[in-house]
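In: Fold the following for me, if possible:
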Amino acid sequence: MFAIKEINDLVNAEALWRLLSPGKTIFDTWDFRYCFYKYFPYPLNFYAAYEKRDGEEKPVALLPLERHKSGWLEFFAEDPCEENRLFLRPGYERIIPRLYRRLPKPVIIYDISGEDTFTRALPLEDYKYVLPLNGLRTFNDYARRRLSTKKQHNWRSEFKRLEAGGLKIIYNRWPDLKKLFKLNVINFSDSYLQSKEDQQAWSDLIRLPFNWQLVSLEVKGRLAAVALAVLFNKIYFYLISGADSKTIPSLGKYLNKITLEQALSLGAEVWDVGLGDCGWKEAWHLDRISQHQFIRQ
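Out: Here you go, the predicted model:
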């Protein structure tokens, strides 16, 4: 027998998260999500399923939601996080449909990882893109497996031209994060780095004890591209970036190359470049993982 309870206080919500989160990805960690939540502290609506047995209640599943300022329920710290998932003890998959049906309207949950029969049947929202790194030692190994001969040739020419133009690679020069914010806002009209609060959340993140990586590219002494990544559970998460590609063609592509090479050098098993094509990921012929949505209005 199961009971579903709504949790609204932060202390109990965090305790349940830490108890039931599978910790598969960086987005499953409370500390990562909380960096964003604390600047946009919407009311919490965590739905927890408890199994009643022998007079005791044991938490077995958690759907961690918050109520957006516009009134709908969404995943906890949904923007800009990805891979939202219902936390579940093994063997309790049967509770999943019941938890979703329990939610009051309106509900808009995006970026749901399809890990079970119910969530895989939800409408497709988008894809996230990854590259398994097993068997790869260099960027050229990737290129030979995934790119046409013509594209390999063209990319090599583009990269050589950049390298001959006074390009310098710099690692973990943390003040460059501010330049990343500026470039990202210029590159993407829907950038989630528009506000001071958004930028401060990312600045707070790099103080957490994770394996953070910052890659900067200078061209003729001018800082022109920056990328932030984190290595977690042998997954290299390529999180945010910005490049002056309008002035320096192919610079964003070269930045992607350097992050892939860094992932390999750090012993990562997966290069995870996140949700949405963003104008380049399909061209790299990466593996696609479906992300789903649950909407009731």
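In: so where does Q293 fall, helix or strand?
Out: Q293 is part of strand 287-296 when elements are defined by DSSP states H and E.
In: whoops, L99 was the one
Out: helix 96-102.
In: Please apply the same query to I4.
Out: Taking DSSP H and E as the definition, I4 sits inside strand 2-7.
In: Check which element follows that strand along the chain.
Out: helix 10-20.
In: Name the residues that touch the following helix or strand past that next one?
Out: Next along the chain after helix 10-20, taking DSSP H and E as the criterion, comes helix 30-37. For helix 30-37, the surrounding residues in contact (C-beta atoms under 8 Å, 6 or more residues apart in numbering) are 14, 17-18, 21, 26-27, 66, 76-77, 79-81, 201-202, 204-205, 208, 210. For the C-beta atoms, the positions are set from N, CA and C on the backbone; glycine is no exception.
In: ok, I240 touching V215?
Out: No. In this structure, I240 is not within contact of V215 by C-beta atoms under 8 Å, at 11.5 Å.
In: neighbour-wise, which of these two wins?
Out: Comparing I240 with V215 by other C-beta atoms under 10 Å, the one with more neighbours is V215, at 23 against 20.
In: So that one versus L193, what's the distance?
Out: 17 Å (C-beta to C-beta, to the nearest Å).
In: And L217, by the same measure?
Out: 19 Å.
In: Counting neighbours, what do you get for G274?
Out: G274: 17 neighbours (other C-beta under 10 Å).
In: wait, I meant G221
Out: G221, neighbours per other C-beta under 10 Å, totals 8.
In: residues contacting the closest residue to it other than its chain neighbours?
Out: Of all residues not flanking G221 in the chain, G166 sits nearest, at 7.4 Å (C-beta to C-beta, 6 or more residues apart in numbering). Going by C-beta under 8 Å, 6+ apart, G166 touches V219, K220, G221.
In: same thing with T259?
Out: V215, A227, A229, Y236, Y238, S241, W271.
In: Check whether the second one really touches F237, as I assumed.
Out: So the one you mean is A227. No. Using C-beta under 8 Å, A227 makes no contact with F237, being 11.1 Å away.
In: which stretches of this protein form helices?
Out: Assigned by DSSP state H, the chain shows helices spanning 10-20, 30-37, 96-102, 117-120, 139-146, 149-163, 177-187, 196-205, 251-265.
In: I'd like those helices written out as JSON lines, with mean pLDDT and distance to Y110 added.
Out: Below are the helices of the chain laid out as JSON lines (pLDDT from 0 to 100; distance: least, C-beta to C-beta, whole Å):
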{"stretch": "helix 10-20", "mean pLDDT": "98", "distance to Y110": "19"}
{"stretch": "helix 30-37", "mean pLDDT": "98", "distance to Y110": "15"}
{"stretch": "helix 96-102", "mean pLDDT": "95", "distance to Y110": "14"}
{"stretch": "helix 117-120", "mean pLDDT": "96", "distance to Y110": "12"}
{"stretch": "helix 139-146", "mean pLDDT": "98", "distance to Y110": "28"}
{"stretch": "helix 149-163", "mean pLDDT": "97", "distance to Y110": "32"}
{"stretch": "helix 177-187", "mean pLDDT": "94", "distance to Y110": "20"}
{"stretch": "helix 196-205", "mean pLDDT": "96", "distance to Y110": "17"}
{"stretch": "helix 251-265", "mean pLDDT": "98", "distance to Y110": "24"}
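In: could I get those as JSON lines with distance to K281?
Out: Listed next are the helices of the chain as JSON lines, based on distance: least, C-beta to C-beta, whole Å:
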{"stretch": "helix 10-20", "distance to K281": "30"}
{"stretch": "helix 30-37", "distance to K281": "22"}
{"stretch": "helix 96-102", "distance to K281": "29"}
{"stretch": "helix 117-120", "distance to K281": "22"}
{"stretch": "helix 139-146", "distance to K281": "12"}
{"stretch": "helix 149-163", "distance to K281": "14"}
{"stretch": "helix 177-187", "distance to K281": "14"}
{"stretch": "helix 196-205", "distance to K281": "21"}
{"stretch": "helix 251-265", "distance to K281": "9"}
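In: returning to that earlier point: now, the contacts of G166 that are in strands?
Out: Under the assignment DSSP state E, the contacts of G166 contribute V219 to strands.
In: Let me know the closest of the contacts of G166 to V185.
Out: V219 (19.9 Å; C-beta to C-beta).
In: quick one, phi psi at the residue at minimal distance from the centre of the chain?
Out: Centroid-nearest residue in the chain, with C-alpha atoms, centre = their mean: E82, separated by 4.5 Å. The phi and psi torsions at E82 (degrees, to the nearest 10) take the values phi -130, psi -180.
In: which neighbours do I240 and V215 share?
Out: Residues touching both I240 and V215 (C-beta under 8 Å, 6+ apart) are A227.
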